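Engineer: The amino acid sequence is not available; the structure is as follows:
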């Protein structure tokens, strides 16, 4: 074309910075495009509703529940709310929606091919999209976790709650819950990203995983460990009350195994996503 | 790798099946620079072939390389290839300029260059005025031009364009065809699919005719026509004594048919050997018996070739 000199110069520039600087730049560009869609796209409405659900429930409860100064009991109540509502419902389905739509949503919109027609390694595309989903889910669900916890403690005894948080165990519990939420986003996010790549209808595998995680407390010890929720529950600062008398007790997996284990699993899942996308074709259903 | 290979798009015995449905079968092509048009009816395999050339589809059998680059290496391929597909959809919420710039950035182009390249691409397809409007507010023709701008923005050496003139008004069509010719003159490969045969005829250096997933003919339009021995060439000779010319022509073995024009001011001749026919006609004219006003082959265009090989007038191609 007319300015082939420009082209050659740009190409030389690209070659010089190969590979890490280029990949980083490309990941950033993908991240910026995706984060905008995640936060402001029409699909984000559902995520905001999900993230707001515990806040709405706890805010409403704060108005009607009797006053208590029993912080140990409040901690157990929060552990129950966190495990049952925030982690298993909000974070699970929120991550499912965000991460499955990273690829599947673009296939439905018929716009994924623009990425495939760019001179970018498809593995870099996976990383850029995954990071955008991770940042989105982390910001929303960490905010949900923090606000939900504060809503439980602060409405009645703000002075004592402040002491519980800044002098007692409150702050470290809050940080631990935040950490678990981030880990959940990392783990579930990778899983759902891959599901969105492999399955035309990703809702079914998502529901299968949800069912598996939901009956986790009933499973024998060995099977319990083949789940994300087991490792996340192992990290909770306050054990949640058992949901059923039929639950099978099992020792929590120590944090030094749970955390790196989840991270390694995530890395393996993302590698599978990279391998899958390398050979992926664009067919857009009826085309 | 030879220099020719590095300057050619090569499809080596390529087949693509969607399950049991045939996309294309045993396609072998070597496409040099210039404008090559893919022509054929709906379902002939044109888009499949283009998607194979851009790696959006993987061949079931065979191998595709573009300027020596295998199509399974998008990070290398799309430094040299731009593809304007038929998918009329865009990422949501972007303006035309943001769209072009974003994917330049995704390709690793620096921010400053991305800005200026996006500007130039939009200018080249006359979309600068609407560049800062949301794509959602664009007309069909504007979206088509935007896709074209996106495919040329990174200054590729190969442009693959699936029905690029669809939805364009006549003025923009003419401008776009002029742009294609200019790009081809600059040494680019342009692979274009179109169903408007006279436009293909006007701009193409060569054609690839596809039907039911098979390549039925390829090459320069006139070359393809010449090779069609089963369909004698039709020539219209405008002259003052067509009946006399007809009697002279019937004496020749290669002339299959000679028929007077309705206005009796010309003669239609069908011949298997056009070159010999022209020599003979020269002799007749030289004898001074007949005054010839004009000679014109009437089925030496893409429409005729299309009709003979594919069996329709190309209206639905």
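Structural biologist: Everything's here; your move. Note that the structure is a prediction, hence the values are computed from the model and not measured.
Engineer: Could you use CA atoms for every contact and neighbour count after this?
Structural biologist: Fine.
Engineer: Return the residues of chain A in contact with chain B.
Structural biologist: A:1-2, A:4, A:7, A:10-11, A:14, A:22-23, A:25-27, A:29-30, A:33, A:37, A:41, A:106, A:109-111, A:113-122, A:278-283 (CA under 8 Å from any CA of the partner chain).
Engineer: partners of residue B:10 in the sheet?
Structural biologist: residue B:30, residue B:65 (DSSP bridges).
Engineer: That one - how many residues pack around it?
Structural biologist: 24 (other CA atoms under 10 Å in any protein chain shown).
Engineer: Any stretches of the chain with poor pLDDT?
Structural biologist: The chain I'm using is chain A. For chain A, the stretches with pLDDT under 70 are A:1-18, A:66-69, A:156, A:240-250, A:285-287.
Engineer: that answer is for a different chain, and I need it for chain B
Structural biologist: Short version for chain B, where the test is pLDDT under 70: B:1-4, B:225-230, B:312-317.
Engineer: Get me the contact residues on it for chain A.
Structural biologist: Checking chain B against chain A by CA under 8 Å from any CA, the hits are B:54-58, B:72-79, B:82-83, B:87, B:89-93, B:102-109, B:154-157, B:183, B:186-188.
Engineer: Out of those, list just those in helices.
Structural biologist: Taking DSSP state H, the ones among the residues of chain B next to chain A that sit in helices are B:74, B:75, B:76, B:77, B:78, B:79, B:102, B:103, B:104, B:105, B:106, B:183.
Engineer: Only the buried subset of the residues of chain B next to chain A, as a ChimeraX command please.
Structural biologist: This is how ChimeraX selects the buried members of those, with burial counted by 16 or more other CA atoms under 10 Å in any protein chain shown:
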select /B:54,55,56,57,58,72,73,74,75,76,77,78,79,82,83,89,90,91,92,93,102,103,104,105,106,107,108,109,154,155,156,157,183,187,188
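Engineer: Identify each of the helices in chain A and give its residue range.
Structural biologist: So, for chain A - with DSSP H - the helices run A:4-16, A:20-40, A:44-64, A:71-81, A:92-109, A:113-116, A:122-153, A:158-166, A:170-198, A:203-214, A:221-224, A:228-234, A:255-278.
Engineer: got CSV for those, with mean neighbour count too?
Structural biologist: Putting those into CSV (neighbours: other CA atoms under 10 Å in any protein chain shown) gives the following:
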stretch, mean neighbour count
helix A:4-16, 13
helix A:20-40, 20
helix A:44-64, 16
helix A:71-81, 17
helix A:92-109, 22
helix A:113-116, 20
helix A:122-153, 22
helix A:158-166, 15
helix A:170-198, 22
helix A:203-214, 15
helix A:221-224, 14
helix A:228-234, 22
helix A:255-278, 16
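Engineer: Tell me if I am right that residue B:35 is in a strand.
Structural biologist: Yes - counting by DSSP: H, G, I helix; E, B strand; the rest coil, residue B:35 is part of a strand.
Engineer: what about it, distance to chain A?
Structural biologist: For residue B:35, the distance to chain A equals 14 Å [CA to the nearest CA, to the nearest Å].
Engineer: which one of the helices of chain A lies closest to residue B:300?
Structural biologist: helix A:4-16 (37.3 Å; CA to CA).
Engineer: Of all the helices of chain A, which one is nearest residue B:177?
Structural biologist: helix A:4-16 (21.4 Å).
Engineer: which residues touch residue 78?
Structural biologist: With no chain named, the answer covers chain A. Residues counted as contacts of residue A:78 (CA atoms under 8 Å, 6 or more residues apart in numbering or on different chains) are A:149, A:152.
Engineer: that's the wrong chain, I wanted chain B
Structural biologist: Contacts of residue B:78 (CA under 8 Å, 6+ apart): A:117, A:118, A:119, B:156.
Engineer: Pop out the phi and psi values for the first one.
Structural biologist: For residue A:117, the backbone dihedrals (degrees, to the nearest 10) come out as phi -100, psi 10.
Engineer: By proximity to chain B, which residue of chain A wins?
Structural biologist: residue A:119 (4.0 Å; CA to the nearest CA).
Engineer: For that residue, which non-adjacent residue is closest in space?
Structural biologist: residue B:75 (4.0 Å; CA to CA, 6 or more residues apart in numbering or on different chains).
Engineer: Verify the stated contact: the one you found with residue A:115.
Structural biologist: No - using CA atoms under 8 Å, residue B:75 is not in contact with residue A:115; the gap is 10.7 Å.
Engineer: where does residue B:256 land in three-state SS?
Structural biologist: strand.
Engineer: any idea how far it lies from residue A:270?
Structural biologist: Distance, residue B:256 to residue A:270, using CA to CA, to the nearest Å: 69 Å.
Engineer: so how many other residues sit close to residue B:136?
Structural biologist: 15.
Engineer: give the contact list for it.
Structural biologist: Counting by CA under 8 Å, 6+ apart, residue B:136 has contacts B:92, B:93.
Engineer: From chain A, how far out is it?
Structural biologist: Taking CA to the nearest CA, one finds residue B:136 at 13 Å from chain A.
Engineer: a strand runs through that residue, doesn't it?
Structural biologist: No - secondary structure of residue B:136 (three-state DSSP): helix, not part of a strand.
Engineer: Tell me which residue lies nearest the centroid of chain B.
Structural biologist: In chain B, the residue lying closest to the centroid (CA atoms, centre = their mean) is residue B:37, at 1.6 Å.
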